[in-house]
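Undergrad: what would the 3D arrangement of this be:
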Amino acid sequence: MNRAALLSLSQDDLIALLLAQQAQIEAQAAQIAALTARVAELEAKLAAPAKTPDNSSLPPSKGEKPNLPDRSKKKPRPSRPGVARALAEHPDRLIEATLAACPHCAHPLGLADQPDIHAYDHVDLPPIRPVVARINRHSGVCPCCDQRIVAPVPDGFEPGSPFGPGVCALILHLHITQAISFERLARLMAEVFGLTISEGAIANILARAQTPLLAAAAPIAQEVRGSSVVGSDETSARVRGKTWWQWVLLSSTAVYHVIADTRAASVVTTFLAGERPAVWVADRYGGQLGHGGVRQMCLAHLLRDAKYAIEAGDTGFAPGFRLLLLRAVAIGQRRDKLKDTTLAQYSADLERRLNRLLSGAEPIQPSERRLFRAMRRDRDDLCRFVTRRDVPYTNNACERALRPSVIFRKVTNCFRAEWGAKVYAAAASVIATGRLHGLTALEALQAALAGKPVMRSG
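TA: Residues are numbered from 1 along each chain as shown. Model prediction:
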């Protein structure tokens, strides 16, 4: 607005114009303050340490792999005495290599002249081929009553699928535990076992296995529900191109897997069906809260959280808390060798140390403050394992139970149908529980398909 236009304005118009400009200046100042705060927030994020598998719950596959040192610069490893493979206790074939005559002078030799023996094993595989049983069911007309007669079906050789339980168990084993896709599995069966089988037949085998596997997994689920100490963890899964979640719930005698379309606590609530374990072992994820009488937090997760807070610049609470956790872990590792009275003293000492750490002022650094507040709120869930020998101090068993499923997901991209997810979860439950009871994966699957239990009574 030029000078002439300003002079033409009345006093009220000038006042209104000044007020409008003042409001505009104040709005701009507020915007500048908001943008300045946002810039400071983003700069703080840039200055924060990166999340890694060592200082957070980031999976190992997401971390950067460091370059290994040049082997030429490493010191040569000292030699060690060789250890020969142990000889088989019951060899299938025995070959006696003897001399009929001396190779130097041609003097005849007997066994008595060759008392020294150098024994070694030669291990090989016989030709692998399927065993095909042809069933001829005879029928005819009874010469006495003139009625049609048909021979009964031999037990274990019912008509339908030509593949027996041994083939079915092997298909399940190779697909579930070795993450072999249908196409590669069909090729492997043909090239290694001499068995021609289509991908559709493999899918049908898995579909038919659903009923016996679910039946075998039912008592496993009940075993976990009835346990006084239950651990749990979860990881993502892919079902029909969407992200689902695979949960594992385990005790010292059973491992149960559930694949659901949600990560909410309702998965665990539905599984427990009204049961309430005495102790629930898990990380600090909200969906894992409130399922047991009390909780034992995973100390491994807390150690990573404390390490991140230290890397973010905390010099107050987090360093002392990390030392406290390391001391607690050391006690847990020696727990089996310590007396109950000693453990009670250690528990009291850890409580005193935690009191001193939490008695200070609340930290300013955000990651440290979150950890500090969480420990003030959940301090009772930190060291329950010290005086309860049946409670682990981490949920590492759950993470190890989920590891094969993570590998399966990365190799196969999981499941095209919901029934495939159910079959996998049931088979994973059977295999993991069978291993706790001394069964191999193949033995556990064979028992499940035959309707036999995979858990040893008592």
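
Undergrad: contacts, neighbours, all on C-alpha from now
TA: Noted.

Undergrad: contacts for the lengthiest strand in the chain next, please.
TA: Ranked by number of residues, the top strand in the chain under DSSP state E is strand 229-239. Surrounding strand 229-239, the residues in contact under the criterion CA atoms under 8 Å, 6 or more residues apart in numbering are 224, 243-251, 259, 263, 277-283, 288, 390-391, 395, 397-399, 402, 406, 409, 413-418, 421.

Undergrad: swap in stretch 91-101?
TA: 107-111, 114.

Undergrad: ditto for stretch 344-359
TA: Judged by CA under 8 Å, 6+ apart, the contacts made with stretch 344-359 from elsewhere in the structure are 317, 320-321, 324, 328, 331, 372, 375-376, 383, 386-387.

Undergrad: going by distance to residue 297, which of the residues you listed wins?
TA: residue 383 (8.1 Å; CA to CA).

Undergrad: contacting residues around the closest one?
TA: Residues touching residue 383, when contacts are defined by CA under 8 Å, 6+ apart, comprise 296, 328, 347, 350, 393.

Undergrad: how about TSV for those residues, with distance to residue 171, pLDDT and neighbour count added?
TA: Output for those, formatted as TSV (distance: CA to CA, whole Å; pLDDT from 0 to 100; neighbours: other CA atoms under 10 Å):
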residue	distance to residue 171	pLDDT	neighbour count
296	39	96	26
328	45	96	20
347	50	95	19
350	51	95	18
393	37	95	24
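
Undergrad: secondary structure class for residue 246?
TA: Following DSSP: H, G, I helix; E, B strand; the rest coil, we place residue 246 in the strand state.

Undergrad: check the contacts of residue 383 and tell me the two furthest apart.
TA: Pairwise distances across the contacts of residue 383 peak at 14.9 Å for 296 and 350 (criterion: CA to CA).

Undergrad: pull the contacting residues for residue 55.
TA: So residue 55 contacts 303-308 (CA under 8 Å, 6+ apart).

Undergrad: show me the contacts for residue 276.
TA: Taking CA under 8 Å, 6+ apart as the test, what residue 276 contacts is 225, 291-293.

Undergrad: try it again at 10 Å.
TA: 225-230, 269, 290-294 (CA atoms under 10 Å, 6 or more residues apart in numbering).

Undergrad: any chance of a markdown table for those residues, columns distance to residue 194?
TA: Shown next, in a markdown table, are the contacts of residue 276 (distance: CA to CA, whole Å):
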| residue | distance to residue 194 |
| --- | --- |
| 225 | 44 |
| 226 | 45 |
| 227 | 45 |
| 228 | 48 |
| 229 | 47 |
| 230 | 44 |
| 269 | 47 |
| 290 | 53 |
| 291 | 50 |
| 292 | 51 |
| 293 | 55 |
| 294 | 55 |
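
Undergrad: buried among the residues you listed? Need that as a selection in ChimeraX.
TA: Paste this into ChimeraX to select the buried members of the contacts of residue 276, with burial taken from 16 or more other CA atoms under 10 Å:
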select :225,227,228,229,230,269,291,292,294
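
Undergrad: for the contacts of residue 276, give me JSON lines that also has distance to residue 209, pLDDT and secondary structure.
TA: As requested, the contacts of residue 276 are exported to JSON lines (distance: CA to CA, whole Å; pLDDT from 0 to 100; DSSP: H, G, I helix; E, B strand; the rest coil):
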{"residue": "225", "distance to residue 209": "24", "pLDDT": "96", "secondary structure": "helix"}
{"residue": "226", "distance to residue 209": "26", "pLDDT": "95", "secondary structure": "coil"}
{"residue": "227", "distance to residue 209": "28", "pLDDT": "96", "secondary structure": "coil"}
{"residue": "228", "distance to residue 209": "31", "pLDDT": "96", "secondary structure": "coil"}
{"residue": "229", "distance to residue 209": "31", "pLDDT": "97", "secondary structure": "strand"}
{"residue": "230", "distance to residue 209": "28", "pLDDT": "97", "secondary structure": "strand"}
{"residue": "269", "distance to residue 209": "27", "pLDDT": "96", "secondary structure": "helix"}
{"residue": "290", "distance to residue 209": "35", "pLDDT": "93", "secondary structure": "coil"}
{"residue": "291", "distance to residue 209": "32", "pLDDT": "96", "secondary structure": "coil"}
{"residue": "292", "distance to residue 209": "33", "pLDDT": "95", "secondary structure": "coil"}
{"residue": "293", "distance to residue 209": "37", "pLDDT": "95", "secondary structure": "coil"}
{"residue": "294", "distance to residue 209": "38", "pLDDT": "95", "secondary structure": "strand"}
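
Undergrad: what is the nearest of the contacts of residue 276 to residue 59?
TA: Within those, the smallest distance to residue 59 is 22.7 Å, found for residue 230 (CA to CA).

Undergrad: and residue 196, what is it in contact with?
TA: Residues touching residue 196, when contacts are defined by CA under 10 Å, 6+ apart, comprise 130, 186-190.

Undergrad: so what's the residue nearest the centre of the chain up against?
TA: Central residue check for the chain by CA atoms, centre = their mean: the C-alpha nearest the mean position is that of residue 402, 1.3 Å away. The neighbours of residue 402, taking CA under 10 Å, 6+ apart as the test, are 233-236, 246-248, 257, 396, 408, 428.

Undergrad: residue boundaries of the helices in the stretch 151-300 of the chain?
TA: With DSSP state H, counting those that start in this stretch, the ranges of helices along the stretch 151-300 of the chain come out as 165-178, 182-193, 199-225, 266-272, 299-311.

Undergrad: buried deepest among those helices, which one?
TA: Compared across the helices of the stretch 151-300 of the chain, helix 299-311 shows the largest average neighbour count, a mean of 22 (mean count of other CA atoms under 10 Å).

Undergrad: remind me what that helix packs against, helices and strands.
TA: Packing partners of helix 299-311 (3 or more CA pairs under 10 Å, 6 or more residues apart in numbering; DSSP states H and E): helix 317-334, helix 366-378, helix 396-412.

Undergrad: where in this structure is pLDDT low?
TA: Within the chain, the segments meeting pLDDT under 70 span 1, 6, 71-74, 458.

Undergrad: pop the domain breakdown of it in here.
TA: As recorded under automatic domain parsing, the domains making up the chain are 205-295+395-449, 299-386.

Undergrad: quick check: which of those is nearest to residue 78?
TA: Closest approach to residue 78 among the domains of the chain (CA to CA): domain 299-386, 30.7 Å.

Undergrad: now the end-to-end length of the closest one.
TA: Criterion CA to CA, to the nearest Å; first-to-last residue distance in domain 299-386 is 12 Å.

Undergrad: now for residue 423, how many residues are close by?
TA: Taking other CA atoms under 10 Å as the neighbour definition, residue 423 ends up with a count of 23.

Undergrad: er, residue 405 actually
TA: When neighbours are counted by other CA under 10 Å, residue 405 registers 22.
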